[in-house]
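Participant: Let's see this in three dimensions:
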Amino acid sequence: MKTGRFRRATSLVLALSVLTCAGAVRAQTLEEIADGSLEATGGRDALAGIESVRQTGTFTMSTPFGDLEGDFENLVIPNRKLYQSFDSDLFQQRTGWNGTAAWQSDNTQGVVDVTGAPLAALVAQSSLHPFWDYGSSGPFAPTYSRLDDTELNGRNHHVVQASWQGVDFEVLVDAETMLVSRIRFSNEVPGVGTVAVTADASDYEEHGGVLWSAANTVEVQGAFRIDMRIDAVEINGEVDHSVFEKP
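Facilitator: Numbering: from 1, shown residues only. This next block holds a predicted model:
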């Protein structure tokens, strides 16, 4: 894989970190899955009370060129803004979305605008739950559809497709625990081709009345994998809004 193609695929993947939650409600229909999973996190009221969430931790990126280890930060103003940073000895990247436009900078390509599928992934990540917008209407609201159940790690999972801005995100929900175990999508990326991205979540902890995954894995099939461990979560702390703006 050429480094240019690898860098573009990396930009797509780092735009997708998963904020998912767990519970203990059994569901069958699309509405039951969406409402049950939201309720299992602590409910819409608890989620609506979160004005900001900052997650910090460590990551390991496995690539054809060797493993990279470092620190990351993820800062979200729900449905409004998002900022991410990844820092290692050989790789540094910053990504921001101010609610209108998105950008990304790293130590190889400088500052560039983020559009298309990577932008859709950023905006999707700014939501605190994949089903937060279920039942909403309007030209920018996602559309949801129920797909066939599947098995993951020996457990039955409901599958819901959330379509937004031309990207179809498949959300896999554990049929027994209502845990969102996996989110996956694929999209055509110029210069790269069809990229299949899979994001898994596990190890859930309660912060601010809501359950969050503390371990996330993001993988591009046949290319590389990123394992992230969240060590600290800050709810409704002070936020420097300048970090969301393009440098």
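Participant: So what are the sheet partners of the longest strand anywhere in the chain and their directions?
Facilitator: Using DSSP state E to define each element, the chain has its longest strand at strand 193-207. Take DSSP bridges as the rule and strand 193-207 pairs in its sheet with strand 180-189 (antiparallel), strand 210-220 (antiparallel).
Participant: So for it, what gets flagged as buried?
Facilitator: Neighbour-count burial for strand 193-207, counted by 16 or more other Cβ atoms under 10 Å, picks out 195, 197-201, 204, 207. To be clear about C-beta, it is placed using only N, CA and C from the backbone, and glycine gets the same treatment.
Participant: That strand - what's its average pLDDT?
Facilitator: Strand 193-207 shows a mean pLDDT of 90.
Participant: Run the chain-centre distance for it.
Facilitator: Relative to its chain's centre, strand 193-207 lies at 7 Å (Cα atoms, centre = their mean, to the nearest Å).
Participant: just stretch 88-102 next, same as before
Facilitator: The answer for stretch 88-102 is 14 Å, by Cα atoms, centre = their mean.
Participant: Name the surrounding residues that touch that stretch.
Facilitator: Applying Cβ atoms under 8 Å, 6 or more residues apart in numbering, the contact partners of stretch 88-102 are 10-11, 14-15, 59, 61, 68-71, 80-86, 103-107, 113-115, 118-119, 122-123, 126, 243-247.
Participant: how much space between residue 137 and residue 105?
Facilitator: 36 Å (Cβ to Cβ, to the nearest Å).
Participant: out of these two, which sits in the busier spot?
Facilitator: Set residue 137 next to residue 105 and count neighbours by other Cβ atoms under 10 Å: residue 105 wins out with 17 against 7.
Participant: Specify the local secondary structure of the more buried one.
Facilitator: strand (DSSP: H, G, I helix; E, B strand; the rest coil).
Participant: Repeat that for residue 124.
Facilitator: Per three-state DSSP, the local secondary structure of residue 124 is helix.
Participant: So it is in contact with residue 164, correct?
Facilitator: Yes. Contact criterion Cβ atoms under 8 Å: residue 124 and residue 164 qualify, at 6.4 Å.
Participant: So these two - more neighbours on which side?
Facilitator: Remark: of residue 124 and residue 164, residue 124 carries more neighbours, 23 against 18, as counted by other Cβ under 10 Å.
Participant: if I pick the more buried one, what's in contact with it?
Facilitator: Here residue 124 is in contact with 16, 130, 162, 164, 167, 169 (criterion: Cβ under 8 Å, 6+ apart).
Participant: could I get the residues you listed as a markdown table with secondary structure?
Facilitator: Output for these, formatted as a markdown table (three-state DSSP):
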| residue | secondary structure |
| --- | --- |
| 16 | coil |
| 130 | coil |
| 162 | strand |
| 164 | strand |
| 167 | strand |
| 169 | strand |
